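Novice: mind folding the following:
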Amino acid sequence: MDKNSRIYIAGHRGMVGSAIWSHLNDLGFHQLIGWSHEELDLTDREKTLEAIMQANPDVVIIAAARVGGIGANSRLPVEFLNDNIRIQLNILEAAHKINVKKLLYLGSSCIYPKFAQQPIKEEELLNGALEETNIGYAIAKISGVINLKSYRSEYGHRWISAMPTNLYGPNDSYDLETSHVLPALIRKFHDAKVEGSEVVTLWGDGSPLREFLHVDDLAKACVFLLDNYDSDSHINVGFGKEISIKELASIISRIVGFVGTIEWDTSRPNGTPRKLMDSSKINSLGWKPEIELEVGIADTYEEFKSSLNS
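Specialist: Numbers count the residues shown, from 1 in each chain. Just a heads-up that it's a prediction; the model follows:
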């Protein structure tokens, strides 16, 4: 990408969008475009079309989404389905109208079947039933993948889509009602430490296996893909290693400094039993992650503590 490119980052205030914005700034891109949710509601078609068409970006990165953990997805499937579909449709329609040359759509590993073959290759999409606890969000993200392929097929737009694994890092949400597992664990252990609690109770039995990628690694992958990838197939972006939730909880409790007992509430859902991405395609192009999990968690916890004092 040219350093003078006008780049619109949808969701630039969120964890992913802000990391991409920061990385592009560091690389010397100086025409970055973004609106907060208060400035522009991306579910509003008319306002979204007007804003994007007036800004006339050369590059669009779709990092905006309604996201949440198992609890939020289970309670609000309509909102997770409808809001995410609207956001995607509106941005893609605007990008089509102004003939945006480069566009990257960020999906999620949630698009894959609950019992997909592991590690999960891109070809596993639509090969089986989805995880029930986040099916609305997953269907929305799948629709985005299909929409990009359709725009490429029907109109020749050489747009691309990437599916990140579970993410963590600065500017994450630590709200226990809506956050994903890793930031939720940081919050639970921190609160327990501050309050002097002797027990922390976690959902499920701790057996599910997950893969985690630092958001700064994803930001670098996004820029890399915009420069080096051109295909109608979505591409996985993962770390390449998995860890059980039980082991993850142990690592986070140690980093936070919680010295009590961890108990597991097996009446609560585990979610998908295993989810490891096959990222060999992007690795073969020359990209690899750099931030090891324990180092990333320690840095993330320091950022979390700083945010409490700001």
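Novice: my guess is residue 294 contacts residue 251, does it?
Specialist: Yes - between residue 294 and residue 251 there is a contact under Cβ atoms under 8 Å: 6.1 Å. Just so you know, the C-beta spots here come from the backbone N, C-alpha and C atoms, and that holds for glycine as well.
Novice: which one's more surrounded, those two?
Specialist: residue 251 (16 against 12; other Cβ atoms under 10 Å).
Novice: residue contacts, that one?
Specialist: Applying Cβ atoms under 8 Å, 6 or more residues apart in numbering, one finds that residue 251 lies in contact with 243, 293, 294, 297.
Novice: just the element for it, please.
Specialist: Element membership for residue 251 (DSSP states H and E) is helix 245-256.
Novice: any buried residues in that helix, and which?
Specialist: Buried residues in helix 245-256, counted by 16 or more other Cβ atoms under 10 Å: 245, 246, 248, 249, 251, 252, 253, 255, 256.
Novice: which is the succeeding secondary structure element to that helix?
Specialist: Going C-terminal from helix 245-256, and assigning secondary structure by DSSP H and E, you next hit strand 261-265.
Novice: which elements pack onto that next one?
Specialist: strand 199-203, helix 245-256 (3 or more Cβ pairs under 8 Å, 6 or more residues apart in numbering; DSSP states H and E).
Novice: compare these and give me the one nearest residue 172.
Specialist: Smallest distance to residue 172 across these (Cβ to Cβ): 13.1 Å, for helix 245-256.
Novice: and that closest one, how far out from the chain's middle?
Specialist: Centroid separation for helix 245-256 versus its chain: 21 Å, with Cα atoms, centre = their mean, to the nearest Å.
Novice: same thing with stretch 20-34?
Specialist: Counting by Cα atoms, centre = their mean, stretch 20-34 comes out at 19 Å from the chain centroid.
Novice: which residues touch that stretch?
Specialist: 1, 3-10, 12-13, 17, 55, 57, 61, 63, 216, 218-220, 222-223.
Novice: dump the helices and strands packed on strand 261-265 to TSV, plus distance to residue 174.
Specialist: Putting these into TSV (distance: least, Cβ to Cβ, whole Å) gives the following:
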stretch	distance to residue 174
strand 199-203	15
helix 245-256	12
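Novice: what's the closest of these to residue 304?
Specialist: The nearest among those, by Cβ to Cβ, is helix 245-256 at 9.3 Å.
Novice: of the buried residues of helix 245-256, which is the nearest to residue 268?
Specialist: So of these, ranked by how close each gets to residue 268 (Cβ to Cβ), first place is residue 245, at 11.7 Å.
Novice: quick one: contacts for that closest one?
Specialist: Contacts of residue 245 (Cβ under 8 Å, 6+ apart): 181, 202, 204, 206, 207, 208, 209, 210, 270.
Novice: can you redo these as CSV with neighbour count?
Specialist: Below are the contacts of residue 245 laid out as CSV (neighbours: other Cβ atoms under 10 Å):
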residue, neighbour count
181, 22
202, 19
204, 18
206, 17
207, 13
208, 21
209, 17
210, 21
270, 16
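Novice: where in the stretch 151-300 of the chain is pLDDT low?
Specialist: Scanning the stretch 151-300 of the chain for pLDDT under 70 picks out the ranges 178.
Novice: and if we set it to 90?
Specialist: 173-181, 203, 268-274 (pLDDT under 90).
Novice: ok, which stretches of the protein are helices?
Specialist: 15-27, 45-55, 70-75, 77-97, 135-155, 181-195, 215-228, 245-256, 280-285, 293-308 (DSSP state H).
Novice: so which bits of the last one are buried?
Specialist: Of the residues in helix 293-308, 293, 296, 297, 298, 299, 300, 301, 304 count as buried by neighbour count, 16+ other Cβ under 10 Å.
Novice: again with the fourth one
Specialist: Residues of helix 77-97 classed as buried: 77, 80-81, 83-95 (neighbour count, 16+ other Cβ under 10 Å).
Novice: what's the answer for stretch 114-131, then?
Specialist: Those buried within stretch 114-131 under the rule 16+ other Cβ under 10 Å are 114, 116, 118, 119, 120, 121, 122, 124, 125, 130, 131.
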